[in-house]
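Engineer: After the sequence you'll find the predicted model.
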Amino acid sequence: MTTPPDPSGSTATPAIAPAPAPNPHGRAGRNLAQAIGVGVGLGAMILLSLFLAKDSFAVIIALAMIVGVWELVRALAVKQIIVPIVPVAVGAAGMIFAAHQRGPEPLVVVFGLTCTAVAVWRVIDPRPGAGRDIAGGIFTAFYPCLLGGFAAMMLAADDGRARIITFILVTVCSDIGGYVAGVLFGRHPMAPKISPKKSWEGFAGSVLFCAIAGSACIAFLFDKPWWIGIPLGVLVAMCATIGDLMESVIKRDLGVKDMSNLLPGHGGLMDRLDSLLVCSPVVWAVLHYLVAA
C-alpha cells in the first residue's frame, strides 16, 4: 500500500515510537539475587540474636520499629503531613519494651501515652495543620509500633524462640508461596488497581505454603497436633495479603514507589514489615490460646 503524500509536501518518514524497554528483571519485577541475599542476611541476624541471647531480639524489634517510623514520617511528608517524630520514636521503643516486659496492658497504656504526647507536641507548634499531623502521628504510633508489640510479647514467653520462628517463617512463606505461584501461574489479578502483580493464583500459593509451614512448626516446635497449623497458615496468608495491599494503597496515595531504598532488592524496611505487622496479632492469639493453652 502506498503511503499518501504529506499535505505539507514533506517526504520524511513518520517517526515511530520506540518500544518500551523490557524489564531487566523479567516477571520477577526486581533483582532476585539481590533480594535473596538481603533476605538471607536478615534471617541470619534474627537467628543469631534469638539463639545467642533471646531477649536481645527485643532490641532488634525496637530498632526496626524506629526505622519504620522514620520511613513513614518521610513518606507522609510528601503529602505535607508532618508527624512529630520524637514522641513517636520514643513511644515506639517504649511500646516494644513494655510489651516484652509486662504484656498487653502496658503496651496499650504506652500507646495511649504516645498518642497524648503526639497531640501535645504538635498543639504547641503554631504552624497550621495540627489536626492532620496529629492523625498522622497516631497512625504511625499504631502502624508499625503497636502491632510490633505483639512480636515482643511472643518473644517474652518461655518458648519465645519457637514462637518468633513460627511467626516469621509462616509469614515469609506467604510471600514466597505467593511470589512463586504468581510468577509461574498468575493469570487472574486480585486487585489490579491496587497491586497489579498480585493474583488469585499467587494467593493460593500463599495459603498452601503457609499451611505447610504452619503445620510443620506446630508439630516439631511445639509438639502439638499438626492440623492446628492449617488454620494458622490460612489466617496468616489472608492477613499477609491484606498487609501487602494496605501498604500498596498507602504508597499509591502518597505517590511513592518504596518507603525507602534501605534494603537493596526490597525497598524500605516497611516494605518487608507490612505482612509481618498485620500478621503479628493473629499469630500471637493462635499461639497463646490454641497452642500454649
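Structural biologist: That came through, no problem.
Engineer: quick check: mean pLDDT across stretch 238-246?
Structural biologist: The average pLDDT for stretch 238-246 rounds to 94.
Engineer: ok, how many other residues are close to P264?
Structural biologist: 12 (other Cβ atoms under 10 Å). All C-beta atoms are positioned from the backbone trio N, CA, C, and that covers glycine.
Engineer: Likewise for P192?
Structural biologist: So P192, with other Cβ under 10 Å, has 11 neighbours.
Engineer: again with the one 4 residues further on
Structural biologist: P196 has 12 neighbouring residues, counting by other Cβ under 10 Å.
Engineer: Find me the pLDDT at A35, would you?
Structural biologist: 69.
Engineer: So V88: helix, strand or coil?
Structural biologist: What DSSP: H, G, I helix; E, B strand; the rest coil gives for V88 is helix.
Engineer: My guess is it contacts W70. True?
Structural biologist: No - V88 sits out of contact with W70 when judged by Cβ atoms under 8 Å, with a separation of 9.5 Å.
Engineer: The two - which one has more neighbours?
Structural biologist: V88 (27 against 21).
Engineer: List the residues that contact that one.
Structural biologist: V69, V73, T114, V118, G137, T140, A141, C145 (Cβ atoms under 8 Å, 6 or more residues apart in numbering).
Engineer: worst-scoring helix or strand of the protein, pLDDT-wise?
Structural biologist: helix 32-52 (a mean of 79; mean pLDDT, DSSP states H and E).
Engineer: just the CA coordinates of the longest strand anywhere in the chain, formatted as PDB?
Structural biologist: For the chain, the strand with the greatest residue count under DSSP state E is strand 195-199. Provided in PDB are the C-alpha atoms of strand 195-199 (Å, rounded to 0.1, in the frame of the first residue of the first chain):
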ATOM      1  CA  SER A 195      -1.300  -4.200  43.200                       C
ATOM      2  CA  PRO A 196      -1.400  -5.300  39.500                       C
ATOM      3  CA  LYS A 197       1.100  -8.200  40.100                       C
ATOM      4  CA  LYS A 198      -0.900  -9.800  42.900                       C
ATOM      5  CA  SER A 199      -3.100 -12.700  41.600                       C
END
